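Visitor: Need the 3D shape of this:
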Amino acid sequence: MTRLSSENPLWGTDWPQVRALWPLDPSVAHLNHGSFGAVPSPVLAEQDRWRTLMDSNPTGFFWRVLPDALDNARLAAARFLRADPDGFVFATNATAAINTILTSLELTSRDEVLVTDHGYGAIRLAAERACKLSGATLVVHPVPLPVEGTAELVDAVIAGITDRTMIAIIDHIASPTGVVFPVDDLVICAIWMPTSGRETSTSGAARLAARPACTSAPNTGNGSRRWSRRGTRRRASSGPSDGWGLPTTRRT
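Guide: Numbers count the residues shown, from 1 in each chain. Purely as a prediction, here's the structure:
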């Protein structure tokens, strides 16, 4: 039985107007916006406009329109997420973004890569692969549930950092549990720990709307495919990039 309501207690009294922005069947309660997220009607219309422009003159579009359009989109996305535009590029998906970050670090057998047991599966596999290729050690640190607040989350993650930790990969909004990790606080704590040279990376495959915490980590893989349906991710990095948008930062 489908239960419809004119008000959503998690959103407010304007829920019907908000829901109407999506071309969803109103008789169905759509719960999975991760694997197969719907696209708002205004976004669909804008996608159609760009496809029509592309198909009207493919050669002109790909040679003369697309380069500047992509750069303008990159700068707009960086402003929206309050990220450094000089270190902000598009990546195919969150896994590719995190792989790019891991590759740039030149991990060795002395290093540890820290993830939590709340991490997104594909990101953990990327970390496992990087460790296997480099000889580094993957540390899957447990974060117990339930948590009482920000301080408990920070303490739980920081407890996994050692003097061998080269990078800590933290999901902003954990995919399997929905826990919101305090990225800003975690980065500040990691920076002020005695060991220097540590990187932090946040994975945000489902966090486009949670932008206040998007710019604190030196490396961020942030996802927008929930609304684009084209698998677009953004990678923000504190280091320089080459002409193809790949990082050129190397550890010294």
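
Visitor: With just CA atoms, put the helix or strand encompassing Phe80 into PDB.
Guide: Using DSSP states H and E, Phe80 sits in helix 66-81. Extracted C-alpha coordinates of helix 66-81, given in PDB (Å, rounded to 0.1, in the frame of the first residue of the first chain):
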ATOM      1  CA  LEU A  66      33.300  21.800 -25.400                       C
ATOM      2  CA  PRO A  67      36.800  22.900 -24.100                       C
ATOM      3  CA  ASP A  68      35.600  26.300 -22.800                       C
ATOM      4  CA  ALA A  69      32.300  24.900 -21.600                       C
ATOM      5  CA  LEU A  70      34.000  22.200 -19.500                       C
ATOM      6  CA  ASP A  71      36.400  24.800 -18.000                       C
ATOM      7  CA  ASN A  72      33.500  27.100 -17.200                       C
ATOM      8  CA  ALA A  73      31.600  24.100 -15.600                       C
ATOM      9  CA  ARG A  74      34.800  23.200 -13.600                       C
ATOM     10  CA  LEU A  75      35.100  26.800 -12.300                       C
ATOM     11  CA  ALA A  76      31.400  27.000 -11.400                       C
ATOM     12  CA  ALA A  77      31.600  23.700  -9.600                       C
ATOM     13  CA  ALA A  78      34.700  24.800  -7.700                       C
ATOM     14  CA  ARG A  79      32.900  28.000  -6.600                       C
ATOM     15  CA  PHE A  80      29.800  26.100  -5.500                       C
ATOM     16  CA  LEU A  81      32.000  23.700  -3.400                       C
END
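
Visitor: May I see the buried residues of it?
Guide: Within helix 66-81, the residues that count as buried by 16 or more other Cβ atoms under 10 Å are 74, 77-78, 81. In short, each C-beta sits where N, CA and C put it, glycine included.

Visitor: Take the residues you listed and lay them out in CSV including pLDDT.
Guide: Below are the buried residues of helix 66-81 laid out as CSV (pLDDT from 0 to 100):
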residue, pLDDT
Arg74, 92
Ala77, 90
Ala78, 89
Leu81, 82
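
Visitor: out of those, which one sits closest to Asp184?
Guide: The closest of the buried residues of helix 66-81 to Asp184 turns out to be Leu81 (Cβ to Cβ; 13.5 Å).

Visitor: Next one, pLDDT for Ser237 please.
Guide: pLDDT, Ser237: 45.

Visitor: Let me fix that, I meant to ask about Gly243.
Guide: pLDDT, read off for Gly243, is 39.

Visitor: mind giving me the domain split of the chain?
Guide: In the domain annotation for the chain, the residue ranges read 40-81, 83-237 (automatic domain parsing).
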